[in-house]
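Peer 1: here are the coordinates; sequence isn't available:
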């Protein structure tokens, strides 16, 4: 049986580029090399290159997403998408691969764009009875009326870039006079922002995967941040504890897992995903969903898979097989 050529794409054009490269390298390390010829592809603002250990960087031909290695043209049977943020999580690459007819492991382009846009994603899910925080929306150039914002969402509140991952462009605001500064920070990341009411409660993260043909939630992770909230430092610089399984009741675990599976199905997601919730007044409230979540050893999905007894080789293999069989 000839090996399938797999491009593991990583990097991206957002502030999450380094995290994505860690994720991509983890995938490369765990893919079964008896089945797959694995090619790490860096998709960066400065260019698209295959960074194979045995060669100097090889440019990718964007016309058909191919590379030339020692005079031989290599095309790909499947793309493993491990880019966080744009262009891998917001639908741009999904649409590109769709045009080229190359299967990729994440959800399709419309679903990616929808779930990456926090405000649109929340409005769709609310229609199906999924609980969320109260929110207030702003676009670049809108008049900023701080008293109106406070009246709607209360204090403290969160100010977030609408389309940015890894907690970039997020502030927790306690006083009305801090709002304008926080809004300016979010506008550096995006031209749309979302201001949400603060939900007091336990924050949890739930991986949902389509494993061996069945949509299933992984064990739930509890997020305990040393910082004021689960910000970039908490996420990537060890300023948080991630406890799997979460210290919540069996009933709460069951409730949030069912809710996360419901989100996966409603948004027609695929591959590996992770949804964040807060238990506010005992009920899970949806925060956001990541359709290409972190896969580095420090990331939550690998932690949850381990507790579920799924090794990373099987987890990643399953995603590729699904993408190819579609």
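Peer 2: Looks like it came in fine. Keep in mind that what you see is a predicted model, and the values were worked out from it rather than measured. Numbers count the residues shown, from 1 in each chain.
Peer 1: what lies in contact with stretch 214-221?
Peer 2: Residues outside stretch 214-221 that contact it (C-beta atoms under 8 Å, 6 or more residues apart in numbering): 204-210, 242-246, 248, 253, 256-258, 260-261, 264-265, 300-301, 303-305, 307-308. All C-beta atoms are positioned from the backbone trio N, CA, C, and that covers glycine.
Peer 1: from those, which ones fall inside strands?
Peer 2: Using DSSP state E, 204, 205, 206, 207, 208, 209, 210, 242, 243 are the members of the contacts of stretch 214-221 that sit in strands.
Peer 1: of the residues you listed, closest to residue 278?
Peer 2: Lowest distance from residue 278 to those (C-beta to C-beta) belongs to residue 204, with 7.6 Å.
Peer 1: check contacts around the closest one.
Peer 2: Counted by C-beta under 8 Å, 6+ apart, residue 204 has contacts 220, 221, 222, 223, 246, 248, 256, 276, 277, 278, 279, 284.
Peer 1: now do the SS call for residue 317.
Peer 2: What DSSP: H, G, I helix; E, B strand; the rest coil gives for residue 317 is helix.
Peer 1: ok, now how distant is it from residue 35?
Peer 2: Distance of residue 317 to residue 35, given as C-beta to C-beta, to the nearest Å: 7 Å.
Peer 1: what pairs with whatever helix or strand residue 195 lives in, and is each one parallel or antiparallel?
Peer 2: Assigned by DSSP states H and E, residue 195 belongs to strand 192-197. Strand 192-197 sits in its sheet next to strand 135-139 (antiparallel), strand 157-161 (antiparallel), going by DSSP bridges.
Peer 1: need the residues that contact that strand.
Peer 2: Here strand 192-197 has contacts from 117-119, 133-140, 149, 153-154, 157-163, 169, 179, 183, 186-187, using C-beta under 8 Å, 6+ apart.
Peer 1: wait, residue 296 sits on residue 26?
Peer 2: Yes: with contact defined as C-beta atoms under 8 Å, residue 296 reaches residue 26; the gap is 5.3 Å.
Peer 1: so what sits against both of those two?
Peer 2: Here residue 296 and residue 26 share the contacting residues residue 302, scored by C-beta under 8 Å, 6+ apart.
Peer 1: surely residue 21 forms part of a helix?
Peer 2: Yes: Residue 21: assigned to a helix according to three-state DSSP.
Peer 1: contacting residues around the closest residue to it other than its chain neighbours?
Peer 2: If the residues on either side of it in the chain are set aside, residue 21 comes closest to residue 10, at 5.0 Å by C-beta to C-beta, 6 or more residues apart in numbering. Applying C-beta under 8 Å, 6+ apart to residue 10 gives the contacts 20, 21, 23, 24, 25, 40, 41, 42, 43, 82, 83.
Peer 1: could you do residue 27 as well?
Peer 2: 8, 80, 82, 295, 316.
Peer 1: inside strands: which ones of those?
Peer 2: Per DSSP E, the contacts of residue 27 map to strands at 8, 80.
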